[in-house]
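Asks: let's see this in three dimensions:
(one chain, ligands or ions: 1)
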Amino acid sequence: MTHPEILPVASGLETWRWLCAELKPHRAQAIVTALVAIVGAAASIIPFYAMSILIDKATENAPTSAIVPLGVAITLAAVVGGVATGWTSYLVSRLGETILADLRERVVATALHIPTERLERIGKGDVLSRVGTDVATVAKAVSSVLPVVISGLLLGALSVVAMAGLDWRLGLAGLVAVPAYVLAGRWYLPRSAPRYAQERRAIGHRSSVLMESMQGVQTVHAYRLEDTHLRQVDISSAAVRDISVNVFALFTRFVGRVNRAEFLGLSVILVTGFFLVRADEVSVGQTAAAALLFARLFNPVGMVLFMFDEVQSANASLARLVGVVSDSPPAPNRAARAVKSTALELSNVEFGYDSGVPVVRGVSIGVEAGQRVALVGATGAGKSTLAAIAAGLLDPDEGSATVGGVPVAELDRGSVAIVSQEVHVFSGPLIEDLRLARSTATQQDVLDALDAVGAREWVDALPEGVDTVVGEGGHSLTASHAQQLALARIVLLDPDIVVLDEATAEAGSLGARDLELSAAAATQGRTTLVVAHRLTQAATADRVVVLDRGVVVEEGTHAELVAAQGRYAQLWTAWEGR
Ligand SMILES: Nc1ncnc2c1ncn2[C@@H]1O[C@H](COP(=O)(O)OP(=O)(O)OP(=O)(O)O)[C@@H](O)[C@H]1O
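Replies: Numbers count the residues shown, from 1 in each chain. Here you go, the predicted model:
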């Protein structure tokens with residue numbers, strides 16, 4: 001079995017190198033962030049030192065005035081610690097978000113430049129999950145997990161140093177808990193990751209079962225499938241419940257292990273302290289401070305452990321994002337080339353999709369500047385494939401597609417435009433959808449373009465005219481109207497060469513006639529290759545090329561081909577007799 005191609009995933013080392021390289025330009029910001037974090041952690045330790053002195057003073061019956069400077073120190077440290085900890089969160093998020101924003105832009109730019117063929121092999125799912133889920137996972141980690149983990153780890157390290165500063169044996173006693181924490185983590189993490197994944201899958205399944213039942217509610221009623229669907233919802237909900245209970249049970253056992261580590265550490269510190277106090281090696285205050293410092297760590301260390309799977313999954317997502325930006329070539333910065341002649345030349349073009357079976361074989365077609373050539377052929381003859389090659393969306397395996405001698409893929413952006421079968425209307429005001437073709441277009445330019453393709457009337461009739469929000473979640477447009485917008489974009493883009501492969505309008509319908517007029521207006525004076533899904537498109541072209549199973553079988557004007565009584569004439573007769 002061949003595995004489907006997926007986008008690359010960076011190794012741990014590559015991800016780390018990438019992160020270091022990204023941090024370099026933000027070195028100053030990274031250093032300030034680290035310093036503020038250290039100040040925050042250090043400040044939260046000072047009160048414990050002060051407390052150790054306080055306890056000793058109290059046991060020595062020192063005067064009340066001795067307490068005042070300690071109180072001031074504790075208050076100051078609390079204020080500085082609070083401010084610094086808040087700042088750490090802010091600075092870590094800011095640095096992380098800056099790097100993430102850059103990464104997100106580069107991933108999207110790379111994804112948008114994946115050649116169509118490769119995108120089809122990879123599947124849109126992988127690309128979408130990287131741009132969507134992976135970016136979201138890393139973003140969440142950067143804003144909510146990373147600050148906690150960094151502060152927790154720093155506090156842990158500094159507290160052990162502080163305990164050792166009170167007495168090295170107390171520091172050592174505190175370290176006894178480390179292996180117990182590590183064991184708890186090593187027990188939990190390999191068990192939790194697959195269970196969380198299982199839980200997410202089960203939740204996803206339950207949502208799709210619910211969605212399916214709700215979306216198909218009429219069919220469910222019509223076929224009296226209510227019980228079956230309720231049973232499916234029951235089963236999927238029960239599965240989520242069981243897994244969630246299981247996950248919680250595991251979590252509780254993990255908490256038990258963490259508590260054991262805490263108990264062990266605290267007991268060893270207290271017992272060590274007891275013997276050291278008895279031997280007059282340390283004071284009661286020092287022992288109490290060490291114990292309090294250790295207890296102070298319960299919360300942050302627990303948080304770090306609990307968040308470890310989020311760190312792991314953010315790390316996995318980051319590797320997937322870094323894989324995309326570091327392996328795929330960056331947004332192709334092909335030296336755009338302008339051309340003198342706008343004649344389109346397909347020469348000996350061969351092309352096959354993954355199966356290796358050639359679908360276009362040795363095709364040569366010339367479209368003179370300003371001419372309109374129609375491609376005709378049965379379904380599957382290779383018309384759309386050839387159109388995509390002519391527009392530079394697919395690279396031919398053999399032969400070439402050039403304009404004035406320059407490969408189409410290397411032309412200036414905007415020299416060649418394609419209106420394909422899948423027209424996408426981007427969500428937002430209609431005017432913005434059109435400005436995608438020319439960002440500097442004024443409202444008047446847009447209205448003129450709509451006029452040119454005969455769309456002005458229905459656009460003006462929309463609730464807010466050109467400002468009406470269209471696309472997903474907005475005013476929905478018919479396929480013909482969407483197609484007209486695509487043609488209006490062509491008018492605004494003003495390319496030299498146009499490839500038309502639109503097939504939405506039913507042959508003979510009023511929409512089809514309107515669309516043909518729109519297409520004629522949009523392609524007026526441009527070199528045009530049109531896939532003639534309706535033969536009237538061929539009849540009005542300067543020349544017609546007939547394709548059959550990837551090969552050109554006839555070529556000439558409509559009149560010549562009809563007179564020749566060949567393949568085209570048969571198609572034309574059949575078309576007329578519909
Ligand atoms: N993305 C793809 N992957 C694999 N095979 C494809 C792909 N697109 C098209 N084909 C195959 O290539 C051949 C030519 O298809 P193409 O879409 O170019 O034909 P067409 O003449 O435009 O047909 P239609 O009029 O139905 O659009 C067909 O056999 C089709 O199954």
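Asks: could you use CA atoms for every contact and neighbour count after this?
Replies: Will do.
Asks: list phi and psi for residue 496.
Replies: phi -80, psi -30 (degrees, to the nearest 10).
Asks: thought residue 529 was touching it, still the case?
Replies: No - Residue 496 lies out of contact with residue 529 (Cα atoms under 8 Å); the separation is 11.5 Å.
Asks: ok, the nearest residue to residue 436 once chain neighbours are set aside to residue 108 distance?
Replies: Spatially, and ignoring its direct neighbours in sequence, residue 436 is nearest to residue 489 (7.7 Å; Cα to Cα, 6 or more residues apart in numbering). Look at residue 489 and residue 108: by Cα to Cα, to the nearest Å, they are 23 Å apart.
Asks: repeat for residue 149
Replies: In this view, residue 149 and residue 108 are 28 Å apart by Cα to Cα.
Asks: got the residues of the stretch 301-450 of the chain near the ligand?
Replies: Applying Cα under 6 Å from any ligand atom, one finds that the stretch 301-450 of the chain approaches the ligand through 353, 359, 378-385.
Asks: most widely separated two among those?
Replies: Using Cα to Cα, these span at most 18.6 Å, a distance reached by 353 and 378.
Asks: confirm for me that the residue nearest to residue 436 is in contact with residue 434.
Replies: Yes - proximity of residue 489 to residue 434 meets the contact threshold set by Cα under 8 Å, at 5.4 Å.
Asks: and the helix or strand encompassing residue 83, what other elements does it pack with?
Replies: In the assignment (DSSP states H and E), residue 83 maps to helix 67-112. The contact analysis (3 or more Cα pairs under 8 Å, 6 or more residues apart in numbering; DSSP states H and E) places helix 67-112 against helix 27-43, helix 46-59, helix 135-140, helix 146-166, helix 308-327.
Asks: give the other helices and strands that the shortest one contacts.
Replies: Spelled out, it's helix 135-140. Helix 135-140 is packed against helix 67-112, helix 308-327, with contacts defined by 3+ Cα pairs under 8 Å, 6+ apart.
Asks: kindly report the same for the last one.
Replies: Counting contacts by 3+ Cα pairs under 8 Å, 6+ apart, helix 308-327 packs against helix 12-23, helix 67-112, helix 135-140, helix 177-215.
Asks: mean pLDDT, distance to the ligand and mean neighbour count added to those helices, as CSV?
Replies: What follows is the helices and strands packed on helix 308-327, written out as CSV (pLDDT from 0 to 100; distance: least, Cα to the nearest ligand atom, whole Å; neighbours: other Cα atoms under 10 Å):
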stretch, mean pLDDT, distance to the ligand, mean neighbour count
helix 12-23, 87, 33, 15
helix 67-112, 87, 17, 18
helix 135-140, 85, 28, 20
helix 177-215, 84, 27, 16
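Asks: in CSV, list these along with distance to residue 523.
Replies: Output for the helices and strands packed on helix 308-327, formatted as CSV (distance: least, Cα to Cα, whole Å):
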stretch, distance to residue 523
helix 12-23, 46
helix 67-112, 26
helix 135-140, 41
helix 177-215, 41
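Asks: what is the neighbour count of residue 442?
Replies: 12 (other Cα atoms under 10 Å).
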